[in-house]
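S.K.: What follows is a predicted structure for the sequence shown.
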Amino acid sequence: MNELCRRSLAFAFVAFVGLAAPSLSRAADAQTSQAQIQLARQAASEGLAAYRAGQFDKALNLFEQAKALYPSAQIVRMIGYSLLALEKWMPAAEAMEAALVSDVAPLSDEDKTDVKEQLAKAMAHIGVLNVTSKVPGAKLVVDDQPAANLPLAKPVWLSPGKHKIVVSAPDHEDEVQEIELEGGKPLELSIDPKELKKEAPPPPPPPPPPPPARKNWIPQQRLIGLVATGVGAGLGLGTLGASLASIHLRNNVARDIQIHERMYGTNCSRGDVSFCQLDRDLIAADGRDANTMRDLSVGLGISALVLGAGGIVLTIFAVPEEPAKPKDEAPPTAQKGAGIRSFACGPLGGFGVSCAGTF
């Protein structure tokens, strides 16, 4: 580190001189006041003194103050050198890279060459990782750091040693790897996560079974329904006839009672008692016949209603039945064979005459 300090100290004096140069001041006049530049010079001068004394923490603090006032490339360079002396490798490398690209009092080519040499010393203690992927939308996660989109804007700087990296992408499996980085040896990786296997969609549910075919409740349901309806209609006519007959008999009985009472009185008080009693018996017989016809009409009416309604229901809900298939006829070959006669028997073979028999 002594060689580094001596070399850096020499360049520190150059930086201090560069800070005070009028040309640099004129370049910064547009954005920085002379008072700020003067304060930056003072802080940088104190930082150089601390740097010469080996007080690198103090020097770093003073150079940071100077940078806040006037961020020239030389001051940023000295921040990097101070960090390098403190063996803070990654901050030192970042500061020296910033000094190389700074446009505030930019470094000369000679200064840039020296910064690159010191930067290489810092990078010897830094692991460099660059990951690429052919999968669109891939992202990289290193250890617990936030995810970064691939391709990377710049390689990732990490401390040497083992690290865990995860490359992920939409609709792809995460690719996880354990890597080991060495200082000064960049590692290039190309990682393509595997596409997730999409499960086949479940087959559509089977269609619901068709409703069971309607069947007749009984064989020949339509015919039976029509017959029952016809019988019910016939019984209805019979009911009407029996009712009319019953009414006619009742009217006759009522009329006969009136005639009987006029001729024989209420209790056979007039006329011949025997004839009176005979007449009463006849009238009673006609009354019984009228009651019988009334009961018959009621029974016929109920039967007609039941048969008619049942027949109508059977007819309405009857399903057309397929006609019975005719029995298979004999094969045409068999039919033809039945009429074949033996030519050896002559024209009489068809009449059952045996060719071997005698007449």
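M.R.: Arrived safely.
S.K.: ranges for the helices of this protein?
M.R.: Along the chain, counting by DSSP state H, helices occupy 2-20, 22-28, 34-52, 56-69, 73-85, 89-101, 109-123, 221-264, 273-316, 332-338.
S.K.: Could you tell me the least trusted of these?
M.R.: Mean pLDDT is lowest for helix 22-28 out of the helices of the chain, coming in at a mean of 43.
S.K.: Walk me through the domains of this protein.
M.R.: 2-123, 127-190, 221-316 (automatic domain parsing).
S.K.: Tell me which of those domains is the most buried.
M.R.: Of those, the one with the most neighbours on average (mean count of other CB atoms under 10 Å) is domain 2-123, at a mean of 18. Backbone N, C-alpha and C define where each C-beta goes, glycine included.
S.K.: How far does that one sit from its chain's centre?
M.R.: Relative to its chain's centre, domain 2-123 lies at 63 Å (CA atoms, centre = their mean, to the nearest Å).
S.K.: what's the answer for stretch 227-242, then?
M.R.: Put simply, stretch 227-242 sits 66 Å off its chain's centre (CA atoms, centre = their mean).
S.K.: CA-only coordinates of that stretch in PDB, if you can.
M.R.: C-alpha atoms of stretch 227-242 as PDB (Å, rounded to 0.1, in the frame of the first residue of the first chain):
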ATOM      1  CA  VAL A 227    -112.300 -49.100 -27.300                       C
ATOM      2  CA  ALA A 228    -112.800 -48.000 -23.700                       C
ATOM      3  CA  THR A 229    -113.900 -44.600 -24.800                       C
ATOM      4  CA  GLY A 230    -116.400 -46.100 -27.200                       C
ATOM      5  CA  VAL A 231    -117.700 -48.500 -24.500                       C
ATOM      6  CA  GLY A 232    -118.000 -45.500 -22.100                       C
ATOM      7  CA  ALA A 233    -119.900 -43.600 -24.700                       C
ATOM      8  CA  GLY A 234    -122.200 -46.600 -25.200                       C
ATOM      9  CA  LEU A 235    -122.800 -46.900 -21.400                       C
ATOM     10  CA  GLY A 236    -123.500 -43.200 -21.300                       C
ATOM     11  CA  LEU A 237    -126.300 -43.800 -23.800                       C
ATOM     12  CA  GLY A 238    -127.500 -46.700 -21.800                       C
ATOM     13  CA  THR A 239    -127.500 -44.500 -18.700                       C
ATOM     14  CA  LEU A 240    -129.600 -41.900 -20.500                       C
ATOM     15  CA  GLY A 241    -132.100 -44.600 -21.600                       C
ATOM     16  CA  ALA A 242    -132.400 -46.100 -18.100                       C
END
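S.K.: correct me, but residue 132 touches residue 192?
M.R.: No - under the criterion of CB atoms under 8 Å, residue 132 makes no contact with residue 192, lying 9.2 Å away.
S.K.: hmm, back to that, got CSV for the helices of the chain, with distance to residue 207 too?
M.R.: Below are these laid out as CSV (distance: least, CB to CB, whole Å):
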stretch, distance to residue 207
helix 2-20, 84
helix 22-28, 84
helix 34-52, 85
helix 56-69, 78
helix 73-85, 76
helix 89-101, 68
helix 109-123, 71
helix 221-264, 31
helix 273-316, 30
helix 332-338, 44
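S.K.: Which one, of those helices, ends up nearest to residue 159?
M.R.: helix 89-101 (7.8 Å; CB to CB).
S.K.: Send me that closest one as PDB with only the CA atoms.
M.R.: Output in PDB follows, covering the C-alpha atoms of helix 89-101 (Å, rounded to 0.1, in the frame of the first residue of the first chain):
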ATOM      1  CA  TRP A  89     -12.900  -2.100  -3.400                       C
ATOM      2  CA  MET A  90     -16.300  -1.600  -4.900                       C
ATOM      3  CA  PRO A  91     -16.900   2.000  -3.800                       C
ATOM      4  CA  ALA A  92     -13.400   2.800  -4.900                       C
ATOM      5  CA  ALA A  93     -14.000   1.300  -8.400                       C
ATOM      6  CA  GLU A  94     -17.300   3.100  -8.700                       C
ATOM      7  CA  ALA A  95     -15.600   6.400  -7.800                       C
ATOM      8  CA  MET A  96     -12.800   5.900 -10.300                       C
ATOM      9  CA  GLU A  97     -15.200   4.900 -13.100                       C
ATOM     10  CA  ALA A  98     -17.100   8.100 -12.300                       C
ATOM     11  CA  ALA A  99     -13.900  10.100 -12.600                       C
ATOM     12  CA  LEU A 100     -13.100   8.700 -16.000                       C
ATOM     13  CA  VAL A 101     -16.500   9.800 -17.500                       C
END
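S.K.: Okay, angle between it and helix 73-85 too, please.
M.R.: Note on geometry: by axes from the mean of the first three to the mean of the last three CA atoms, to 10 degrees, helix 89-101 and helix 73-85 are set 160 degrees apart in direction.
S.K.: Bridged to residue 162, which residues?
M.R.: Beta-bridge partners for residue 162, by DSSP bridges, are residue 180.
S.K.: ok, it to residue 178 distance?
M.R.: Residue 162 sits 6 Å away from residue 178, taking CB to CB, to the nearest Å as the criterion.
S.K.: ok, now residue 295?
M.R.: Separation of residue 295 from residue 178 (CB to CB): 109 Å.
S.K.: And residue 276, by the same measure?
M.R.: Residue 276 is 137 Å from residue 178, by CB to CB.
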